[in-house]
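Chemist: need a structure here:
(3 chains)
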Amino acid sequence: MLELRKDLFADERDDNLNVVGKGVQRQDMPGHVTARTRFFDDHAFDGMLHLKVVRSPHHHARIRAIDTSAAERAPGVKRVLRGADVPVNKNTLLSLINFGKDDEPSLAVSKVSYKGEPVVAILADSEAQALAARKLVRIDYDPLPAVFDVEETLKPGAPVVNETYPGNYFEYHERFDHQKLRFGDVERGFAGADIVMEHRYQMSPIEHAPTETNGSIAAPEQNGRYVVHSCAQGLFFALGTTAKIVDVESNMLHFIGGTVGGGFGGKVDSLTEPLAVLGAMLTGRPVRFVLDREEEMLYGSPRGAERIYVKDGLMRDGRIVARHIRSYFDAGAYTRLSSYAAIKCTAHVPGPYWIPNVASDIYVSYTNRCPSTAMRGFGVTAVDFALEVQMDRLAEAASMDPMEFRILNAYRDGDMKPHRRAAKNTALVECVQVAAEKANWPLSEQAKRASSLLGGGAGDRAQIPATQLDARGQIGRPDTRSGPVTQVLPAGTSRIAPSKQPVMEGARDGRAAPTQVPRYEPQRPAAPPPPAYQPAPPPYQPGGSYSPPPAYQPASPPPAPPPPAAPAQPQHGAVRFSSVFGTRRR
Amino acid sequence: MLDLRTCASLSEAAGILSGDRQALLIGGGTLVMRDVNEGRLTEGTLVRVTDPALRQMSTGGARIELGAGVTMAAVLANRDLAFLHAAARAIGGPAVRTMATIGGNLFAGAPYGDFTVALLALDAQVVLQSGYGSGRAVPLEDFLSARERGGQGLVTAVQFARPQNPAEFHFRKISRVKPKGISVLSIAAHLPLSGGRITQARVAYGAMAPLPIRARGVERALDGKPLDQSAIQAAKQAALEGCRPATDAIASEWYRREILPVHLGRLLAGEPR
Amino acid sequence: MAKLPIQFRLNGSDRATFVDPASNLLDTLRRGLGDFGPKYGCGQGTCGVCTVLVDGEPQLACLTLAVSCEGRQIETASGMADGPHLHPLQDAFMDHFAAQCGFCTPGMLTAARALLAKNPQPSREEVVEAISGNICRCTGYEPIIAAILAAASGTSVRRA
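Modeler: Residues are numbered from 1 along each chain as shown, chains lettered A, B, ... in the order given. Predicted coordinates for the structure are as follows:
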């Protein structure tokens, strides 16, 4: 149940809210309970044709020949579509905002790059006739070596998945092989750390599994336009994509939708609209193209799997002084929205923690798997999983309570983020405090007194450190795209060995699952660590004036918050949440 | 395209099935219509039987006979069959149970077919009718091993002896989704006690092999023993004998092997799932 | 292939149409008769969005052979309201925010209706069992359970 905590940030909220905290009837609810709500498939058209696609049984193969003659003669079949029938048979979704190169055909022509890729479309009077005719299409394939691993695919000699990107990585601005973030000097941070820890985290693809499968109905209107009932989550996105692929002005398409039977990100790809409209244009008949459940589960694009390496430098008192994240986002065979996922991932690094030295290298890798797409925080949720598991491991290594460890390292208002913006409206400290309270988790008095309003932006915490350049004057370009996990450590640092097998790693086919989950054993320092939160002189002094958050000083009453440091540069961009939070913090 | 034949008598249906290799009986529809909907079944003849004999139940005596068209909902509505209610309730939700039949469950591929597991532990016989002749009863295990070859005729009923003490019959379905999910595995056990010792134990598994199987190792470990800790321990050690579980979307082979002895032990000890 | 005639009562009215021999009830209701209340979600009996009542019993329309419904009484969510007056379950679903995207709602309502017809005062466990074959991918089960219990106890507001 919703609980408004008015004790937190009380001066920052307007109490005259009209809707928040009140029960208000939704305007679409009467339609839902009377079954009058019309989803895309709830529309009747006379003479409607049903479209089914023939999909590749191979992960990667050349197409030698396609024979549709028997299918064309099958009962009820009105038209068979091949790649050559598609006016613009190469597209990438974000081309609508001029981002990325067209790389994905609507119907494969010369080769297939994932199992389930559509090759031929059948339009018939009934669904059963289309299904029966689908079996009559003969496609002669020449299988090619396939690659399924996000790092293997970046190595020299790997099979080229997607000819548009022959290096098997997405090219940002047609030049860069990954998204890079540099803040301070992580190598120096690791060198000065008491403990350096690195772990590998592997995610799985996740299917959205909406109860309503992807689909659309397209029908000629009386004025030369086409009406399209669509499940799309982004209706105008689907309209623009369809107009481009079928090569008509967008005002020739009349998209109706917005009522979606569950999307969760899986209905942004325009999986069905272009072929439905093309079918309607070529036959003059209404055309319905709906994925069945098996297609939805196997070939509706999933959340992309990510492989994430997190390397941290930790002081014994619990402060994280350096963090390097290397991640590979599995795009599958085509780009769709993965290029955007890597940008989001980079924007999220290093998580909601102030760390003076941060670096990240985020790649989008092509593999012979079903293309992945948006899903609920894609690019962010997976790295959060990795970061928070890593945080627990770090807390254990520092012999600290995991909740207090997070409070210690959390952003405060005014802290400079690696993206060169000051943190504002931070609330992790309070979230952890409330979560601990709800879970009856004991927190120390210092942790309870901590606040997002205290200690941020003090000293180094507001500064943008000099960015370390390498010998070539670049910001630390790695020599290989899939370097070894472990790099040579500076003398004097101790390493906590990565677990032999990261906890979340299972064999991909489930056959050789681990017989036991390796338990991470922290390597305790020989000398007892200094008690946490003691304002001892920090052993690591990156810029010479490191300031621990004052809330942790055992002082009573707590010191007055330092005045927020002025940002080094004028702030750009909209003040987020300004309509809610008004004139508030920063 | 698919054709449909509606038959008013069992013998008419059995005749069509014997004479036409592309003919397929449709009962409640939960298996056949799925294949139609997904485009796997596009040619041939569906045979539908309206003969009320297919839905008859004889449950009052020591020998129970259930028509192949008896639904899971009909089993649940019959108090004489209370010992089978756990198995019937394991099949789908209420809407599936009004459709799914006992006969159809005999044809469900792993990890489906939980009710058949219960029938296996009851030493059930399957009544088959070929052509226009009269029925013959074959042991369920023999029927299952010949199932993939087909051509055994029309399943008209199943028969089994009522357990003398219904409390000696146990059924558990293990699934990860609550309250209703597809089987990771299922276990049925009939453990008659005589003079404090188990006689003629029958234990069967679902989803631990391509077909429902008898756990003969467990039966041997239990026979003649009191149901005590040492017998349970011996049964757990023999639990995996003959198992060939699949790795599928529900569970890996490894996981199924790991948890089977655990759940078997809990079932035998009368502990909650 | 010749189509077969079929006639049944749908939500209290006599309806007739022609179907392909292997047609399922779902396509017959939706495409043949224009009742878009039951939805297609899986075609394999796992999601429950096509749940209808056949002679008062819940069935999955996607797995029901259409011709097997000859002469039967079919009821769908579209026919739940009594003219302009909502069924108590519909009121309760509105009151309890028991729909998010709304796609599972007709099937949920029908499954709940079948339960309350046989068991007017169900326990929470019985409600959970009754909707166990109906998937809400928005995961709104708790409000749905609360709504069904409220409808059973007569505590939801009746709307005109």
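
Chemist: residues from chain B in reach of chain C?
Modeler: For chain B, the residues found near chain C under the criterion Cβ under 8 Å from any Cβ of the partner chain are B:1-4, B:6, B:26, B:28-30, B:33-34, B:36-38, B:46, B:48, B:73, B:89, B:92-96, B:98-99, B:179-180. Using the backbone N, CA and C atoms, a C-beta is placed for each residue, glycine as well.

Chemist: can you narrow those down to the ones near chain A?
Modeler: Of the entries in the residues of chain B next to chain C, those that also sit close to chain A under the rule Cβ under 8 Å from any Cβ are B:Met1, B:Leu2, B:Val36, B:Asn37, B:Glu38.

Chemist: now do the contacts for the last one.
Modeler: So the one you mean is B:Glu38. The contact partners of B:Glu38, by Cβ atoms under 8 Å, 6 or more residues apart in numbering or on different chains, come to A:Asp292, A:Arg293, A:Glu294, C:Gly43, C:Gln44.

Chemist: now the residue in the stretch 1-150 of chain B positioned nearest to chain A: which helix or strand?
Modeler: In the stretch 1-150 of chain B, the residue found nearest to chain A is B:Gly39; the distance is 3.3 Å by Cβ to the nearest Cβ. B:Gly39 is located outside every helix and strand, with elements delineated by DSSP states H and E.

Chemist: residue contacts, the residue lying closest to it once chain neighbours are set aside?
Modeler: Excluding the flanking residues, the one nearest B:Gly39 by Cβ to Cβ, 6 or more residues apart in numbering or on different chains is A:Leu131, at 3.3 Å. When contacts are counted by Cβ under 8 Å, 6+ apart, A:Leu131 touches A:Lys52, B:Gly39, B:Thr42.

Chemist: who wins on neighbours among the residues you listed?
Modeler: Comparing these by number of neighbours (other Cβ atoms under 10 Å in any protein chain shown), A:Lys52 comes first, having 24 neighbours.

Chemist: residue ranges with poor pLDDT in chain B?
Modeler: Per-residue confidence of chain B (counting by pLDDT under 70) places the weak regions at B:132.

Chemist: next SSE after whichever strand or helix holds the residue nearest to B:Gly39?
Modeler: Assigning secondary structure by DSSP H and E places A:Leu131 in helix A:127-134. Using DSSP H and E, the helix or strand that follows helix A:127-134 in sequence is strand A:138-143.

Chemist: can you list the domains in chain A?
Modeler: Using automatic domain parsing, the domain ranges for chain A come out as A:49-144+A:208-299, A:179-206+A:302-581.

Chemist: isn't A:Leu275 up against A:Ala121?
Modeler: Yes: proximity of A:Leu275 to A:Ala121 meets the contact threshold set by Cβ atoms under 8 Å, at 5.4 Å.

Chemist: pull up the overlap in contacts between those two.
Modeler: Overlap of the contact sets of A:Leu275 and A:Ala121 (by Cβ under 8 Å, 6+ apart) consists of A:Leu51, A:Val53, A:Leu81, A:Leu107, A:Phe289.

Chemist: in strands, which of the ones next to chain A among the residues of chain B next to chain C appear?
Modeler: When those are checked against strands using DSSP state E, the ones located there are B:Leu2.

Chemist: buried only: go through the ones next to chain A among the residues of chain B next to chain C for me.
Modeler: B:Met1, B:Leu2, B:Val36, B:Asn37, B:Glu38 (16 or more other Cβ atoms under 10 Å in any protein chain shown).

Chemist: next, count neighbours for B:Phe162.
Modeler: Heads up, residue B:162 is Arg, not Phe. Residues within reach of B:Arg162, counting by other Cβ under 10 Å, total 17.

Chemist: also A:Thr153?
Modeler: Residue crowding around A:Thr153 was assessed by other Cβ under 10 Å; the count is 27.

Chemist: would you mind listing what in chain C touches chain A?
Modeler: With the criterion set to Cβ under 8 Å from any Cβ, chain C comes near chain A through C:20, C:22, C:27, C:30-31, C:34, C:36-37, C:39-44, C:46-47, C:49, C:76-78, C:80-81, C:86, C:90, C:93-94, C:97, C:99, C:101-106, C:109, C:135-138.

Chemist: any idea how far the residue in the stretch 1-150 of chain B positioned nearest to chain C is from C:Met94?
Modeler: Residue nearest to chain C within the stretch 1-150 of chain B (Cβ to the nearest Cβ): B:Gly93, separated by 1.8 Å. With distances defined as Cβ to Cβ, to the nearest Å, the gap from B:Gly93 to C:Met94 amounts to 24 Å.

Chemist: just list whatever residues bridge to the closest residue to A:Asp177 other than its chain neighbours.
Modeler: When the adjacent residues along the chain are set aside, A:Asp177 lies closest to A:Tyr169, with 4.9 Å between them (Cβ to Cβ, 6+ apart). Bridge pairing for A:Tyr169 (DSSP bridges) gives the partners A:Ser365.

Chemist: give the burial count for A:Tyr169, as a bare number.
Modeler: When neighbours are defined as other Cβ under 10 Å, A:Tyr169 has 23 of them.

Chemist: any idea how far it lies from A:Ala374?
Modeler: Separation of A:Tyr169 from A:Ala374 (Cβ to Cβ) stands at 20 Å.

Chemist: please apply the same query to A:Gly265.
Modeler: In this structure, A:Gly265 lies at 4 Å from A:Ala374, with Cβ to Cβ as the measure.

Chemist: of these two, which one has the most company?
Modeler: Between A:Gly265 and A:Ala374, A:Ala374 has the larger neighbour count (other Cβ under 10 Å), namely 27 against 21.

Chemist: and the pLDDT at the more buried one?
Modeler: Model confidence at A:Ala374, expressed as pLDDT, equals 95.

Chemist: that one and A:Phe237 touch, don't they?
Modeler: No: using Cβ under 8 Å as the test, A:Ala374 is too far from A:Phe237 to be in contact (10.7 Å).

Chemist: list residues touching both of those two?
Modeler: Counting by Cβ under 8 Å, 6+ apart, the residues touching both A:Ala374 and A:Phe237 are A:Val268.

Chemist: ok, for A:Leu144, nearest residue in space, not its chain neighbours?
Modeler: With Cβ to Cβ, 6+ apart as the measure, A:His60 is the residue that lies nearest to A:Leu144, at 4.3 Å, once sequence neighbours are left out.

Chemist: show me the contacts for that neighbour.
Modeler: A:Lys111, A:Val112, A:Ser113, A:Tyr114, A:Pro143, A:Leu144, A:Pro145, A:Ala146, A:Val147, A:Pro159, A:Val161, A:Asn368.

Chemist: what subset of these is buried?
Modeler: Applying 16+ other Cβ under 10 Å to those flags A:Lys111, A:Val112, A:Ser113, A:Tyr114, A:Leu144, A:Ala146, A:Val147, A:Pro159, A:Val161, A:Asn368 as buried.

Chemist: which one of those is nearest to chain B?
Modeler: A:Tyr114 (18.8 Å).

Chemist: tell me the spacing between A:Gly300 and A:Asp269.
Modeler: Relative to A:Asp269, and taking Cβ to Cβ, A:Gly300 is found at 8 Å.

Chemist: C:Arg9 belongs to a strand?
Modeler: Yes: counting by DSSP: H, G, I helix; E, B strand; the rest coil, C:Arg9 falls inside a strand.
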